[in-house]
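A.B. asks: Just the structure for this:
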Amino acid sequence: MLTPRIHPDTIEDVKERADIYDVVSEKVVLKRRGKDFVGLCPFHEEKTPSFTVSPTKQMFYCFGCGAAGNAMKFIMDLEKRSFSDVVLELAKRYQIPVKTLEPEQRQELQKQISLREQLYEILAITTNFYQHALRQPEGLNALDYLKLKRHLKEETIQYFQLGYAPQGWETLYDYLVEQKHFPAELVEQAGLIVPRKTGNGYYDRFRDRLMIPIHDSQGRVIGFGGRSLGDELPKYLNSPETELFDKGKTLFALDKAKSAISKQDQAIVVEGYFDAIALHTAGIKNVVASLGTALSLNQVRQLVRYTESKQIILNFDADAAGNKAAERAIGEIEDLAYKGYINLRILNIPSGKDPDEFLIHNSPEDYQKLVINSPLWIEWQIQRLLIGKSLETVAQSQQASHKMVEFLRKIENEMQRTHYIQYCAELLSQGQPRLIPLLAKNLQTQVNKPHLEAKETPASDALISVNAERTLLEEAEVKLLRVYLHCPQHRLTIQDALEARDLQFSLAHHRFLWREITKIEEQSQKTLDPVDLILELQQACLEQNQQTQQFYHLLYLDEHTEIDIRRAPLIIRSSIASIETVICQKRRDMALKLWQETDIAKEQNLAQKYYQQIDAETKWMWELKRIRDTQFHDLISVPLGGINLN
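C.D. replies: Down below sits the predicted model:
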């Protein structure tokens, strides 16, 4: 395509009309945060969203890599395209007339731009042609099929512009090319006729088929789905890929559903055209169909533009074929579901029915109940892991547990993973509540535990390097002291935990600080508030000529350390475990040294004793590692009066 010099007026029109959210949401799944939207930056790898889109400013900005700009800049940077190409594409999208600075280029440019408009016109005329054919004697079978088999009313048939493609090989060709005088090449580009393999000429792509127009989000016909009325295969034949129609980027009935999706904050995706039509007819209008393909990222991006909660419900048949269809439909959006970035649910209709069949004998309210009770995709997947397994047998229960662990490891969101560990434990417990805590603890350990086939001991991966010891100690002691200074309600908890485990502060400046804190509290004989305690500490440092640079950061809070304070019980528990880990490793190293120096032939009992100590210490270190890696949900199980490391 030519890249002409575009007139400044056109550029300004594009800047004014091109909406940053519309453009970016086609490539990035966005989630509302206040008046802006956030998502994962497409310009660099990241797991935590730092990419922001501001509709009010019509700008995007990434706090991670610094990428920024307007809608045009976004497309240019992401797709590595020229400024002119991007302006022309956006001008087409928003139907903005294009003016150029070189008069000699205008005719060619207008010809290229008008191609899509001509295709839209051809498809609109074809839609009318098929609608007219449906009302003719040759279309009677198709009309009867709609009314008697599909139970559609006249207003529904007209609303979805349903029609009929006559049997003749060149009926549509004659109408569009011979009567309407459209160039045959253009009609071919619209996907309506096919060149003959032998000889010259064309034949109609759709013949003796019920015709279902497929619209874009703006309501323009871009293609067709044709259902055979006899034994001809395939049963459903879609338009080929064209300038206007891309099956992987299109959702049937989105133009009719987008308002309801936005209003109800959820989108229902079904497999077939008539499932969508039946639901719309029943008044359930937040429904689209996926055109029989796996649900693609492009299709999801279109849907989540209209639902703030990003809730998508897949409704396929409940039989084996339907389950496979659901798995296929999930396709490349699986990662988004694992990360919790879309709220994906699975709706299975009982008895293996599809929505069209279900609504014949059931009310729309019955269907809405199924929607409300539809499980989250992850729950559905977990339940499928149990199909064909009897949890009453040890072997099959272990198999199910192993599969659950492998599945749970894929869930990146920690809060979400914690929730489903509990959910799996409830399933495995078979209604015995007393088993749930034990099963949940076991699953948590297995999920956190890396593959250990090549390890020497069950917990050797819990060991820490010599260089990491000081870092682990310093971080743990810093967090304990900070909580102690700023959270009077947790001071007794820290004291009890240190005394119960016989732990002390190892770093000299921390030992000094702890010693002074203890002195001040003994002298005051009351619980000091943080301000008073810190003032007393500063005075003590002045009197002893002690430099405070090494622990000055403990005396005051910033936005990050305030988070630690809010998680005080969890911080205490993890920090105590970290300090004990270092001590435990020293005991293990000493036992290992003694074991290596022992003559096993002469002192077998002593060697066995050292080996057992090594094994016990490494297993306890693994448990301590689990505690250090504890998740946020453990906050609710940490007693405020003490720390339980068991």
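A.B. asks: just checking, residue 43 touches residue 68?
C.D. replies: No. Under the criterion of CB atoms under 8 Å, residue 43 is not in contact with residue 68, lying 10.1 Å apart. All C-beta atoms are positioned from the backbone trio N, CA, C, and that covers glycine.
A.B. asks: Can you pull the residues that touch both of the two?
C.D. replies: With contacts taken as CB atoms under 8 Å, 6 or more residues apart in numbering, residue 43 and residue 68 have residue 62 as neighbours in common.
A.B. asks: Next secondary structure after the helix or strand of the chain with the lowest mean pLDDT?
C.D. replies: Least confident helix or strand, the chain: helix 320-330 with a mean of 67, by mean pLDDT, DSSP states H and E. Sequence order places helix 334-338 as the next helix or strand after helix 320-330, per DSSP states H and E.
A.B. asks: Report all helices and strands that that following helix contacts.
C.D. replies: Applying 3 or more CB pairs under 8 Å, 6 or more residues apart in numbering; DSSP states H and E, one finds that helix 334-338 contacts helix 377-385.
A.B. asks: Please repeat the previous calculation with a cut-off of 7 Å.
C.D. replies: Counting contacts by 3 or more CB pairs under 7 Å, 6 or more residues apart in numbering; DSSP states H and E, there are no secondary-structure elements packed against helix 334-338.
A.B. asks: starting at the chain centroid, how far to the next helix or strand after that helix?
C.D. replies: Using DSSP H and E, the next helix or strand after helix 334-338 towards the C-terminus is strand 343-349. Its chain's C-alpha centre and that of strand 343-349 lie 15 Å apart, by CA atoms, centre = their mean, to the nearest Å.
A.B. asks: Mind listing what's buried along the helix or strand just after strand 343-349?
C.D. replies: Counting by DSSP H and E, the next helix or strand C-terminal to strand 343-349 is helix 355-361. Neighbour-count burial for helix 355-361 flags 355, 356, 357, 358, 359 (criterion: 16 or more other CB atoms under 10 Å).
A.B. asks: Could you point out which of the residues you listed is nearest to residue 577?
C.D. replies: Distance to residue 577, by CB to CB, is smallest for residue 355 among those, at 52.3 Å.
A.B. asks: Can you name the helix or strand that the nearest residue to that closest one once chain neighbours are set aside falls in?
C.D. replies: In space, residue 355 comes closest to residue 275 once its chain neighbours are excluded; the distance is 4.4 Å by CB to CB, 6 or more residues apart in numbering. Assigned by DSSP H and E, residue 275 belongs to helix 273-281.
A.B. asks: State the pLDDT value of the closest residue to residue 296 other than its chain neighbours.
C.D. replies: Leaving aside its sequence neighbours, residue 296 sits nearest to residue 248 (CB to CB, 6+ apart; 4.8 Å). At residue 248, the pLDDT value in this model is 85.
A.B. asks: try residue 503
C.D. replies: 86.
A.B. asks: dump the residue contacts of it.
C.D. replies: The neighbours of residue 503, taking CB atoms under 7 Å, 6 or more residues apart in numbering as the test, are 579, 580.
A.B. asks: quick thing: my sequence starts at 131, can you match it?
C.D. replies: Got it, the first residue is 131 from now on, which makes the last one we talked about residue 633.
A.B. asks: So it: helix, strand or coil?
C.D. replies: At residue 633 the chain is in coil, as set by DSSP: H, G, I helix; E, B strand; the rest coil.
A.B. asks: re the thing from before, ok, the residue nearest to residue 426 - how many residues close by?
C.D. replies: Neighbour count for residue 378, taken as other CB atoms under 10 Å: 16.
A.B. asks: before we move on, the earlier item: same for the very next helix or strand once past the helix holding residue 405, what does it pack against?
C.D. replies: Using DSSP H and E, the helix or strand that follows helix 403-411 in sequence is strand 417-419. For strand 417-419, the packing partners by 3+ CB pairs under 7 Å, 6+ apart come out as helix 384-394, strand 397-400, helix 403-411.
A.B. asks: how about 10 Å then?
C.D. replies: Here strand 417-419 is seen to pack against helix 384-394, strand 397-400, helix 403-411, helix 427-434, strand 441-447 when contacts are counted using 3 or more CB pairs under 10 Å, 6 or more residues apart in numbering; DSSP states H and E.
A.B. asks: by how many degrees do the longest one and helix 403-411 diverge?
C.D. replies: Between helix 384-394 and helix 403-411, the angle comes out at 50 degrees (axes from the mean of the first three to the mean of the last three CA atoms, to 10 degrees).
A.B. asks: Next, the buried residues of helix 384-394.
C.D. replies: By neighbour count on 16+ other CB under 10 Å, the buried set for helix 384-394 is 384, 385, 386, 387, 388, 390, 391, 394.
A.B. asks: Packing partners of it?
C.D. replies: Counting contacts by 3+ CB pairs under 10 Å, 6+ apart, helix 384-394 packs against strand 339-345, strand 397-400, helix 403-411, strand 417-419, helix 427-434, strand 441-447.
A.B. asks: which stretches of the stretch 181-330 of the chain form strands?
C.D. replies: Along the stretch 181-330 of the chain, the stretches classed as strands by DSSP state E, counting those that start in this stretch are 181-184, 189-192, 198-199, 293-295, 323-325.
A.B. asks: Does residue 668 touch residue 685 like I think?
C.D. replies: Yes. Using CB atoms under 10 Å, residue 668 is in contact with residue 685, at 7.5 Å.
A.B. asks: Neighbour count for these two, which is higher?
C.D. replies: Neighbour count, other CB under 10 Å: between residue 668 and residue 685, residue 685 has more, with 18 against 14.
A.B. asks: Leaving out chain neighbours, which residue sits closest to that one?
C.D. replies: That would be residue 664: by CB to CB, 6+ apart, it lies 5.1 Å from residue 685.
A.B. asks: For residue 162, which of the helices and strands packed on helix 384-394 is the nearest?
C.D. replies: helix 427-434 (10.2 Å).
A.B. asks: Centre of the chain to that closest one, how far?
C.D. replies: Centroid displacement of helix 427-434 relative to its chain, using CA atoms, centre = their mean, is 12 Å.
A.B. asks: Repeat that for stretch 559-576.
C.D. replies: The answer for stretch 559-576 is 27 Å, by CA atoms, centre = their mean.
A.B. asks: same check, this time on stretch 181-193
C.D. replies: The answer for stretch 181-193 is 21 Å, by CA atoms, centre = their mean.
A.B. asks: Not counting its own residues, what contacts stretch 181-200?
C.D. replies: The contact list for stretch 181-200 (CB atoms under 10 Å, 6 or more residues apart in numbering) reads 144-146, 148-155, 158, 160, 162-163, 165-176, 178-180, 201, 203-208.
A.B. asks: list the buried ones in that stretch?
C.D. replies: Counting neighbours by 16+ other CB under 10 Å, the buried set in stretch 181-200 is 181, 182, 183, 188, 189, 190, 191, 192, 197, 200.
A.B. asks: end-to-end on it?
C.D. replies: Start-to-end span of stretch 181-200 (CA to CA, to the nearest Å) is 13 Å.
A.B. asks: per-residue confidence averaged over that stretch?
C.D. replies: Average pLDDT, stretch 181-200: 88.
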